[in-house]
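Undergrad: Below: sequence and its predicted model.
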Amino acid sequence: MKSPHKHILNTVVALMLGTLWVVVGAPADVTTVSVGTCVRQFESSYRNVRTLQADFTQTYVMGGRVRRESGTVYFERGGRMRWDYQRPNRKLFISDGRHLLLYVPQEKQATRSSVKSSEDFRVPFRLLLSRLDLRKVFSRFEFADDVLKHGPAVRVIRAYPKKKFEQDYREVLLALSPDFDIRQLQIVYADNSRMEFKFNEIKRNIPLHQSLFHFTPPPGVEVIDQR
């Protein structure tokens with residue numbers, strides 16, 4: 001996805017997903033607290049998390065067009081990540097913290113760029129395990145349990161953008177499990193298009209081999225450096 005939505009993805013996704021995963025020793029669960037308390041606990045939930053692995057489904061909807069991809073994603077502190085897309089087509093997206101690489105086996109080609117210069121929509125996810133503040137971009141939060149389909153005991157929070165972001169998106173919805181895992185994140189843009197992420201089989205603080213975040217081109221694969 002080329003980035004008509006670069007600005008929102010570099011603010012909202014980074015801020016939301018920078019704090020989205022696990023609560024360690026939370027004083028209360030998501031089903032019993034106020035929305036303000038829920039947001040604060042959500043923000044602090046990643047403090048002891050250094051690595052993450054999850055299955056993901058990514059869906060982009062615009063008008064009558066729907067694009068859906070899925071696979072497994074890995075994150076490690078230091079800006080490292082690996083997206084293994086398995087369906088409908090295989091591809092690989094890797095960040096070692098400084099550089100990004102996208103490899104599409106069908107094309108026998110890989111493109112490499114710096115994190116700082118890239119407009120790729122996955123770039124904000126490298127901040128997943130960083131300390132961030134949702135109130136930097138959101139003016140108001142409320143519970144909206146009836147908006148998204150979800151399992152029992154899951155709470156849905158709707159976040160409204162501050163005025164300076166209103167031209168980019170209308171709202172962000174996230175579904176939190178009772179232990180503060182995020183199960184679903186949906187961004188609704190100003191043109192009513194939507195980007196949605198669903199996460200399952202979340203594993204925390206598991207050993208991740210450093211080779212996951214590096215790419216060795218197979219024979220015959222051209223690596224193109226982008227500036």
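TA: Ah, there it is. Numbering: from 1, shown residues only.
Undergrad: rest of the way, CA atoms for contacts and neighbours
TA: OK.
Undergrad: Tell me the helix or strand right after the longest helix anywhere in the chain.
TA: Ranked by residue count under DSSP state H, the longest helix found in the chain is helix 35-43. Sequence-wise, the next helix or strand downstream of helix 35-43 (DSSP states H and E) is strand 51-62.
Undergrad: Mind giving me the packing neighbours of that following strand?
TA: strand 65-76, strand 194-204 (3 or more Cα pairs under 8 Å, 6 or more residues apart in numbering; DSSP states H and E).
Undergrad: For the first one, which strands pair with it and how are they oriented?
TA: Partners of strand 65-76 in the sheet, by DSSP bridges, are strand 51-62 (antiparallel), strand 80-87 (antiparallel).
Undergrad: quick one: contacts of it?
TA: Strand 65-76 is contacted by residues 50-61, 81-88, 126, 128-129, 208 when judged by Cα atoms under 8 Å, 6 or more residues apart in numbering.
Undergrad: buried stuff in that strand?
TA: Using 16 or more other Cα atoms under 10 Å as the test for burial, strand 65-76 gives Glu69, Ser70, Gly71, Thr72, Val73, Tyr74, Phe75, Glu76.
Undergrad: Then stretch 182-199?
TA: Buried residues in stretch 182-199 (16+ other Cα under 10 Å): 182-189, 193-199.
Undergrad: ends of it, how far apart?
TA: 7 Å (Cα to Cα, to the nearest Å).
Undergrad: any idea how far that stretch is from the chain center?
TA: Stretch 182-199 sits 10 Å away from the centroid of its parent chain (Cα atoms, centre = their mean, to the nearest Å).
Undergrad: again with stretch 147-164
TA: Relative to its parent chain, stretch 147-164 has a centroid offset of 15 Å by Cα atoms, centre = their mean.
Undergrad: before we move on, what about stretch 52-65?
TA: The answer for stretch 52-65 is 10 Å, by Cα atoms, centre = their mean.
Undergrad: One more: stretch 34-52?
TA: A distance of 15 Å separates the centroid of the chain from that of stretch 34-52, by Cα atoms, centre = their mean.
Undergrad: Give the buried residues for that stretch.
TA: In stretch 34-52, counting by 16+ other Cα under 10 Å, buried: 35, 38-39, 41-46, 49-52.
Undergrad: ok, of the residues you listed, which one's closest to Lys163?
TA: Using Cα to Cα, Val39 comes nearest to Lys163 of the buried residues of stretch 34-52, at 20.0 Å.
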